[in-house]
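Visitor: Give me a 3D structure for the following:
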Amino acid sequence: MKFQANAHSIAEYRELARRALPRMIFDFYDGGADGENTLAGNRAALDAKRLLGSAPIDVGRRSQEVKLFGKSYAMPLIIGPTGLAAAAWPDGDIALARAAGRAGIPFVMSTAGTCTQDDVASAGDGSKWMQLYIFKDRAFSARIVDKAETLGFEAIEVTVDNAVAGKRLRDERNGFSLPFRWTPAKLAGLLVHPGWSMRMARAGAPQLKVMGEGLGLEKTDTIAALMQSQFDASISWDDIARLRDRWKKPLIVKGLLDPSHVSKALSVGVDGLVISNHGGRQLDGAVASIDVLPDFVAAAGGRLTLLIDSGFRTGSDIARALALGADAVQVGRATLYALAVGGEETVFHALGLLKAELDVAQALMGVARIEDFHPGMIRQPAPVPLAPRPDAGASPTPVSYLRKGT
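Guide: Below is the predicted model:
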């Protein structure tokens, strides 16, 4: 059956995913930590970066091609690591990998994947990178790295912002656990999601297959609790240095917000960083990735490949990051939303939407090539001054003052 586009933006795919998935599954993907302030802050920070349209500039011939770690890709976009993808669509990791390959961009497989490394490695012809957690069982983490080498994964992306697992209130409220626990209320909810229910009945409940191969995973109350049982708060740059000795291909460290760590990353010989607040799923109230990007650019001085994630939903969002110095953008929820709607085809379609949106931004900003983006294309309006509150001991501010400078 030929795929028919039924969404015209990632925002529309999000709404379609909300309708397609049981609440506990949608909330697992969509939610953030605690009060979800970081989640909201990511969007606000991106919206605050205004793009400078520039015309007339000859943009009759435009290219989105980029080179990352010596290899060329069709656009500056990466499908980042997302756990439990098969809860959105059977064999979700394979569908994501195939869609990325068709779009000419890398796919990063999550250690919390629901397919095996072998399955993903053989899914299509695209570039595959492997995300890694450094677990309490260091030997198991090492085996994941060695298997990635054997299977031809092209990079390791090690996540470091997980000394402890963030508190996911939506998951707690929904009782989201592995394996799924079905209460009468949850079972009743399946009646309004017949498509998802039928797919899961045929495919079986999703399992963390990579982790399950080497860890004794026991039933836990929430996904966060399961991961917390395996995380190691003692992880340090010494672990990254040992990983560098073991892995000779590109090594990327994901989850940095403090630009003071750039010097340490350089000293241990990593190749790239992902500036990330884990999509708002770890530290609530954290700075937005886009806000600290310029500091990383200054500290790295062109010596590291700088990737960024957390909150990117549109082509103009990608343009903001490129203008501020990122080499490429990783997305996670954006492609999960599309995955939940129709599997590989809808993910491929969603990537096409982002590509087209970025092309529009390029044309209107006078950017013929990705390397033509620069920080001068971003403006951030000054905040409007707030009038003193009458209850703070000051007289109400005249309306004329409020209008000044607006």
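
Visitor: From here on, just use CA atoms for contacts and neighbour counts.
Guide: OK.

Visitor: Give me the local confidence score for residue 205.
Guide: pLDDT recorded at residue 205 is 86.

Visitor: Quick check: it is in a helix.
Guide: No. Counting by DSSP: H, G, I helix; E, B strand; the rest coil, residue 205 is not found in a helix; it is coil.

Visitor: Run a quick neighbour tally on the nearest residue to residue 57 once chain neighbours are set aside.
Guide: Closest residue to residue 57 apart from its sequence neighbours, by CA to CA, 6 or more residues apart in numbering: residue 366 at 5.4 Å. Number of residues near residue 366 (other CA atoms under 10 Å) recorded here: 22.

Visitor: Residue 366 against residue 54, yeah?
Guide: Yes. Shown here, residue 366 and residue 54 form a contact pair, counting by CA atoms under 8 Å, at 5.3 Å.

Visitor: how far away is the residue nearest to residue 57 from residue 66?
Guide: From residue 366 across to residue 66, the span is 17 Å (CA to CA, to the nearest Å).

Visitor: so who does residue 124 touch?
Guide: By CA atoms under 8 Å, 6 or more residues apart in numbering, residue 124 lies in contact with 97-98, 101-102.

Visitor: Please apply the same query to residue 344.
Guide: 95-96, 98-99.

Visitor: per-residue confidence for it?
Guide: pLDDT for residue 344: 98.

Visitor: now swap in residue 290 and tell me
Guide: In this prediction, residue 290 has a pLDDT value of 98.

Visitor: cool, residue 215 as well?
Guide: pLDDT recorded at residue 215 is 68.

Visitor: For the remainder of this discussion, apply numbering that starts at 45.
Guide: All right, first residue 45 from here; so that's residue 259.

Visitor: any chance you could map the helices in the stretch 45-194 of the chain?
Guide: With DSSP state H, counting those that start in this stretch as the criterion, the stretch 45-194 of the chain has helices at 54-64, 67-74, 81-92, 136-147, 161-165, 182-195.

Visitor: Rebuild these as a markdown table, extending it with mean pLDDT and mean neighbour count.
Guide: Putting the helices of the stretch 45-194 of the chain into a markdown table (pLDDT from 0 to 100; neighbours: other CA atoms under 10 Å) gives the following:
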| stretch | mean pLDDT | mean neighbour count |
| --- | --- | --- |
| helix 54-64 | 97 | 19 |
| helix 67-74 | 95 | 20 |
| helix 81-92 | 97 | 19 |
| helix 136-147 | 98 | 26 |
| helix 161-165 | 97 | 20 |
| helix 182-195 | 96 | 16 |
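
Visitor: Of all those, which one is nearest residue 332?
Guide: When the helices of the stretch 45-194 of the chain are compared by CA to CA, helix 81-92 sits nearest residue 332, at 5.0 Å.

Visitor: C-alpha coordinates for that closest one, CSV please?
Guide: Below are the C-alpha coordinates for helix 81-92, written out as CSV (Å, rounded to 0.1, in the frame of the first residue of the first chain):
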residue,chain,number,x,y,z
ASN,A,81,10.6,22.8,33.5
THR,A,82,13.6,21.8,31.4
LEU,A,83,11.2,20.4,28.8
ALA,A,84,9.4,23.7,28.5
GLY,A,85,12.7,25.7,28.7
ASN,A,86,14.1,23.9,25.7
ARG,A,87,11.2,25.1,23.6
ALA,A,88,11.3,28.6,25.0
ALA,A,89,15.1,29.0,24.4
LEU,A,90,14.8,27.9,20.8
ASP,A,91,11.9,30.3,20.2
ALA,A,92,13.9,33.1,21.7
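
Visitor: what's the longest helix in the protein?
Guide: Using DSSP state H, we find that the single longest helix of the chain is helix 388-409.

Visitor: Please save the CA atoms from that helix in CSV.
Guide: These are the backbone C-alpha positions of helix 388-409, laid out as CSV (Å, rounded to 0.1, in the frame of the first residue of the first chain):
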residue,chain,number,x,y,z
GLU,A,388,9.5,3.2,8.8
GLU,A,389,7.5,5.0,6.2
THR,A,390,6.2,7.7,8.5
VAL,A,391,9.7,8.2,10.0
PHE,A,392,11.1,8.6,6.5
HIS,A,393,8.3,11.1,5.7
ALA,A,394,9.0,13.1,8.9
LEU,A,395,12.7,13.3,8.0
GLY,A,396,11.6,14.7,4.7
LEU,A,397,9.5,17.3,6.4
LEU,A,398,12.5,18.4,8.4
LYS,A,399,14.7,18.5,5.3
ALA,A,400,12.2,20.6,3.5
GLU,A,401,11.8,23.0,6.4
LEU,A,402,15.5,23.4,6.7
ASP,A,403,15.7,24.1,3.0
VAL,A,404,13.2,27.0,3.3
ALA,A,405,15.2,28.4,6.2
GLN,A,406,18.4,28.2,4.2
ALA,A,407,16.8,30.0,1.2
LEU,A,408,15.3,32.8,3.2
MET,A,409,18.5,33.3,5.3
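
Visitor: before we move on, back to that, how about the helices of the stretch 45-194 of the chain in a markdown table, adding distance to residue 252?
Guide: Formatted as a markdown table, the helices of the stretch 45-194 of the chain follow (distance: least, CA to CA, whole Å):
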| stretch | distance to residue 252 |
| --- | --- |
| helix 54-64 | 22 |
| helix 67-74 | 15 |
| helix 81-92 | 25 |
| helix 136-147 | 11 |
| helix 161-165 | 11 |
| helix 182-195 | 14 |
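
Visitor: how about the ones you listed, which one is nearest residue 224?
Guide: The nearest among these, by CA to CA, is helix 67-74 at 9.8 Å.

Visitor: could you give the angle of the closest one to helix 54-64?
Guide: For helix 67-74 against helix 54-64, the angle by axes from the mean of the first three to the mean of the last three CA atoms, to 10 degrees is 150 degrees.

Visitor: Tell me which other helices or strands helix 67-74 touches.
Guide: helix 213-218, helix 377-386 (3 or more CA pairs under 8 Å, 6 or more residues apart in numbering; DSSP states H and E).

Visitor: Can you lay out those helices as a markdown table showing mean neighbour count and distance to residue 254?
Guide: Below are those laid out as a markdown table (neighbours: other CA atoms under 10 Å; distance: least, CA to CA, whole Å):
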| stretch | mean neighbour count | distance to residue 254 |
| --- | --- | --- |
| helix 213-218 | 18 | 22 |
| helix 377-386 | 27 | 19 |
